[in-house]
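J.: Got a sequence here, can you build the structure:
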Amino acid sequence: MTMNANTFYQKYGQYIARVQQYSSIREQDRWPYINPGRLKGDLEVTDSALSPYFMPYGIHYDWYLSAVLYRPGRITYVPLPYGPYPVISFEFSGCWMAKICFRGVWYVLHISTSKTPQYDCKSQWKSFLSQYKSHISAIVMFQPTTLRDLFDKSIDLHGNGRPVTLAGLIAEDNACYTLVYDYMSARVVTAADARTDYIGRCFRDLLCNEPDLIHYSRL
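T.: Numbering: from 1, shown residues only. This is a model prediction of the structure:
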């Protein structure tokens, strides 16, 4: 199935919009309109040097899909009910998005990256993959900003006052997408002439230490 603006809204966006507008769990007056909180299903990282960086932080949209939300300087995550489950994340400007099966439980993660060391979690993520690779049975990972034209479009629209963010989506079949996302309407932004939908499929990639690439390339 081709993923375009209409497909996205029918499969995912309408459920986000419904929760944002009507849900009894709406708790705040600004997007995402729900206070993200602690979700059941901790990702157990026992290494004391790594565990402070991992933080459960996200939303379940009526169990149609889940969202992991961004926090600077953290690797945020959300536990998922099962593997082929769609997940979305927002506010990408260089961060990575991943979905893993860790000790038999599926999680989606948003890995913060930055040129400022205190907000950059690449080394912590690589250490996690190295130390816990025997516990990870599957991994899907990508960097939404690799579709530079969509990243640039999101920056341009945001600078002109549009309520947009660059989002990442991992669909049920683990296909990875970048989209310019209108967070008020929960829709993919389209061009003024309606001929272009600002969404594209991304290549999967891994943010690993070099010795671990052989292990994870088999998954």
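J.: Buried ones in the lengthiest helix in the chain, by neighbour count?
T.: Determined from DSSP state H, the single longest helix within the chain is helix 148-159. By neighbour count on 16 or more other C-beta atoms under 10 Å, the buried set for helix 148-159 is 150-151, 153-154, 157. No exception for glycine: its C-beta is placed from N, CA and C like everyone else's.
J.: Run through the bridge partners of the most centrally placed residue in the chain.
T.: Per C-alpha atoms, centre = their mean, the C-alpha nearest to the average position across the chain is that of Ser89, at 3.1 Å. Listed by DSSP bridges, the beta-bridge partners for Ser89 are Val68, Gly168.
J.: can you start the count at 20 instead of 1 from here on
T.: Sure, I'll start counting at 20 from here, so that last one is Ser108.
J.: what's it in contact with, if anything?
T.: Neighbouring residues of Ser108 by C-beta atoms under 8 Å, 6 or more residues apart in numbering: 86-89, 116, 127, 129, 186-187.
J.: Val64 now?
T.: 70, 73, 147, 151.
J.: Over to the spatially closest residue to the first one that is not a sequence neighbour. Which of the three states is it?
T.: Nearest in space to Ser70, with sequence neighbours left out and distances taken as C-beta to C-beta, 6 or more residues apart in numbering, is Val64 at 4.5 Å. Applying DSSP: H, G, I helix; E, B strand; the rest coil to Val64 yields a three-state assignment of coil.
J.: Phi, psi for Val64 please.
T.: Here is the backbone geometry of Val64 (degrees, to the nearest 10): phi -110, psi 110.
J.: Quick check: the gap between it and Leu176.
T.: Applying C-beta to C-beta, to the nearest Å, the value for Val64 to Leu176 is 37 Å.
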